[in-house]
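> Next come a sequence and a model predicted from it.
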Amino acid sequence: MPSVIPVKLPQSSYEIAIAPGSLSELGSYLAKLNLGTKVLLVSNPEIFKLYKDVAVNSLQKAGFEVATHPIPEGEVNKTLASIEEIYNIALKNRLKRSSTMVALGGGVVGDMTGFAAATWFRGINFVQVPTSLLAMVDASIGGKTGVNHPQGKNLIGAFYQPRLVLIDPQVLKTLPVREFRAGMAEVIKYGVIWEPNLSSQPDLFRKLELAERLDDLAHLSEELLQTILTCSCEAKADVVSKDEKETDLRAILNYGHTIGHAIESLTKYSVVNHGEAVAIGMVAAGKIATKLQMWTEAEEKRQNKLIEKAKLLENAEFPIKIPELKSEIPPLNSEEVINQIIERDKKDFFILPTKIGEVKKVKIDENGVSEKIIREVLTELKISR
Ligand SMILES: NC(=O)c1ccc[n+]([C@@H]2O[C@H](COP(=O)([O-])OP(=O)(O)OC[C@H]3O[C@@H](n4cnc5c(N)ncnc54)[C@H](O)[C@@H]3O)[C@@H](O)[C@H]2O)c1
Ligand SMILES: [Zn+2]
């Protein structure tokens, strides 16, 4: 039951292939793309331990000459220094313009390998083989690549599209459960913001509602996982193909992210992970939308039920504590937090749901989302555990 989703862009269209067991077919997928013979496979040491052999064997079997490079694990290594190391390996292995860089890993590996591919010889072939749920449904699609600057996340980067995104759902079996749930937050987000054009199909949101559990891959059928991946990739592909460079529509992907980003940065990225922060952001945005009578309380409850089903609020406690600093960040309704959120909104817009499957952009002002409502919602926001 493999699925193929086309990503149609003016300059460079490509496909997302979702097929169980496809990692061992990586070589034959690449062979169909008419690439040069050299491939640089980039990952991190942990993922290489699990999947390097199968990927390299498959590439070699298809006739590719393969070099490999592990980037040290983690967001802290998403730096220009790590990119320089990739360039050094590219040089050492004499990668040419026709050569290919393949990213095998989560969003960190994908963003960095993509940026290296975008800039080496002003752009060589790039293939994404995402291994985390978040990378499969979000980071690997849409062409955003880059690294962090000491002053901020993802400040350096380029839009650069891959030639192929190859998703093997079976690799999720080794993904830590908390990382799985973080990806599920983005899946739930798609359910709230997007509806497929084919109204004959039940939408993603409904399918998530019907699932018995969403918190652990071990309790998800292979069929449901395939459906979740397919619908989520279709959602992201649809949005980015209508707005490749984020001038307008792509902003809807930031649903739950305005408050989510504020929580992440206030807690110094150490208490809740990205998906958990986005989940809290969606709970808050859902409540704001209810207060503004943009959608109904019943719809808000349906959204929150999915978030609870994915156990995304397990690590949240208010006021959020930062253990290593032995200090407490202010409760969510404090001036400091609210000011941060309002500051962010000046650049970002608030994305609020109008119904399940549809959102719109709203600005903070007296007619729309007022500061008063944000304050009220953050004060009332209770995360029960
Ligand atoms: N380019 C985009 O559009 C976009 C979108 C969203 C996020 N991002 C970026 O993606 C990054 C987050 O991605 P992420 O959540 O995948 O984090 P990540 O890449 O750090 O991966 C999370 C952890 O899971 C491990 N892992 C991944 N796949 C595994 C597997 N199959 N088995 C065992 N362990 C596995 C990784 O080694 C890592 O420890 C951030 O840097 C973010 O900025 C980019
Ligand atoms: Zn996100």
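Nice, thanks for sending it over. Ligands and ions are numbered 1, 2, ... in the order given.

> rest of the way, CA atoms for contacts and neighbours
Fine.

> check contacts around the residue nearest to residue 18 when sequence neighbours are not counted.
Closest residue to residue 18 apart from its sequence neighbours, by C-alpha to C-alpha, 6 or more residues apart in numbering: residue 167 at 4.7 Å. Residues near residue 167 by C-alpha atoms under 8 Å, 6 or more residues apart in numbering: 16, 17, 18, 19, 20, 22, 23, 129, 130, 131, 136.

> how deep is the third one tucked in, by neighbour count?
Meaning residue 18. 23 (other C-alpha atoms under 10 Å).

> Could you check how far it is from residue 165?
Note on residue 18: its distance to residue 165, by C-alpha to C-alpha, to the nearest Å, is 8 Å.

> just the second one next, same as before
With distances taken as C-alpha to C-alpha, residue 17 is found 6 Å from residue 165.

> cool, and the last one?
The span separating residue 136 from residue 165 equals 9 Å under the rule C-alpha to C-alpha.

> Tell me which of the two has more neighbours.
Per other C-alpha under 10 Å, whichever of residue 136 and residue 165 has more neighbours is residue 136, with 29 against 25.

> Give me the three-state assignment for the more buried one.
Secondary structure, DSSP: H, G, I helix; E, B strand; the rest coil: residue 136 is helix.

> who's in contact with residue 93?
residue 67.

> Summarise which helices and strands the longest strand seen in the chain is packed against.
Longest strand in the chain, counting residues (DSSP state E): strand 152-159. Judged by 3 or more C-alpha pairs under 8 Å, 6 or more residues apart in numbering; DSSP states H and E, the packing partners of strand 152-159 are helix 107-119, strand 144-149.

> please redo it, this time with the cut-off set to 6 Å
Packing contacts for strand 152-159, counted by 3 or more C-alpha pairs under 6 Å, 6 or more residues apart in numbering; DSSP states H and E, involve strand 144-149.

> which secondary element of the chain has the worst mean pLDDT?
When each helix and strand of the chain is scored by mean pLDDT, DSSP states H and E, strand 321-322 comes last, with a mean of 43.

> What are the contacting residues of stretch 140-156?
With C-alpha atoms under 6 Å, 6 or more residues apart in numbering as the contact definition, stretch 140-156 has outside contacts at 78, 79, 111, 112, 114, 115, 157, 158, 159, 160, 161, 240.

> Tell me which stretches of the chain form strands.
Counting by DSSP E, the strands of the chain are 3-7, 14-18, 38-43, 65-70, 100-105, 125-130, 144-149, 152-159, 164-167, 321-322, 327-328, 350-355, 358-362.

> what angle separates the fourth one from strand 38-43?
This points to strand 65-70. Per axes from the mean of the first three to the mean of the last three C-alpha atoms, to 10 degrees, the angle that strand 65-70 makes with strand 38-43 is 20 degrees.

> chain center to strand 65-70: distance?
Remark: strand 65-70 is offset 25 Å from the chain centroid, using C-alpha atoms, centre = their mean, to the nearest Å.

> swap in the second one?
Between the mean C-alpha location of strand 14-18 and the chain-wide mean there is a distance of 16 Å, by C-alpha atoms, centre = their mean.

> CA-only coordinates of it, as CSV, when you get a sec.
Output in CSV follows, covering the C-alpha atoms of strand 14-18 (Å, rounded to 0.1, in the frame of the first residue of the first chain):
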residue,chain,number,x,y,z
TYR,A,14,9.1,16.2,-6.9
GLU,A,15,7.4,13.3,-5.2
ILE,A,16,7.0,12.1,-1.7
ALA,A,17,6.9,8.3,-1.7
ILE,A,18,5.6,6.6,1.5
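
> Give the other helices and strands that it contacts.
The contact analysis (3+ C-alpha pairs under 6 Å, 6+ apart) places strand 14-18 against strand 3-7, strand 164-167.

> got those as a markdown table, with distance to ligand 1 and mean pLDDT columns?
Output for the helices and strands packed on strand 14-18, formatted as a markdown table (distance: least, C-alpha to the nearest ligand atom, whole Å; pLDDT from 0 to 100):
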| stretch | distance to ligand 1 | mean pLDDT |
| --- | --- | --- |
| strand 3-7 | 14 | 95 |
| strand 164-167 | 11 | 98 |
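
> Need the winner for burial among those strands.
strand 164-167 (a mean of 26; mean count of other C-alpha atoms under 10 Å).

> Figure out how far that one is from the centre of its chain.
From the chain centre to the centre of strand 164-167 is a distance of 15 Å (C-alpha atoms, centre = their mean).

> still on that earlier bit, with pLDDT as added columns, please give the contacts of residue 167 in TSV.
Converted to TSV, the contacts of residue 167 look like this (pLDDT from 0 to 100):
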residue	pLDDT
16	98
17	98
18	98
19	98
20	98
22	98
23	98
129	99
130	99
131	98
136	98
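
> show me which of those neighbour ligand 1.
The subset of those within reach of ligand 1, by C-alpha under 6 Å from any ligand atom, is residue 131.

> filter the contacts of residue 167 to the buried ones?
16, 17, 18, 19, 20, 22, 23, 129, 130, 131, 136 (16 or more other C-alpha atoms under 10 Å).

> for those, which one is nearest ligand 1?
Checking these against ligand 1 with C-alpha to the nearest ligand atom, the nearest one is residue 131 at 4.1 Å.

> so that closest one touches residue 108, yeah?
No - the criterion here is C-alpha atoms under 6 Å, and residue 131 misses it with residue 108 at 10.8 Å.

> picking that back up, now, which of the buried ones among the contacts of residue 167 sits nearest residue 191?
Residue 191 lies nearest to residue 136 out of the buried ones among the contacts of residue 167, by C-alpha to C-alpha, at 15.8 Å.

> How about that closest one: what's its closest non-neighbour residue?
Closest residue to residue 136 apart from its sequence neighbours, by C-alpha to C-alpha, 6+ apart: residue 130 at 5.2 Å.

> From residue 120, how far out is the one you found?
Distance, residue 130 to residue 120, by C-alpha to C-alpha: 21 Å.
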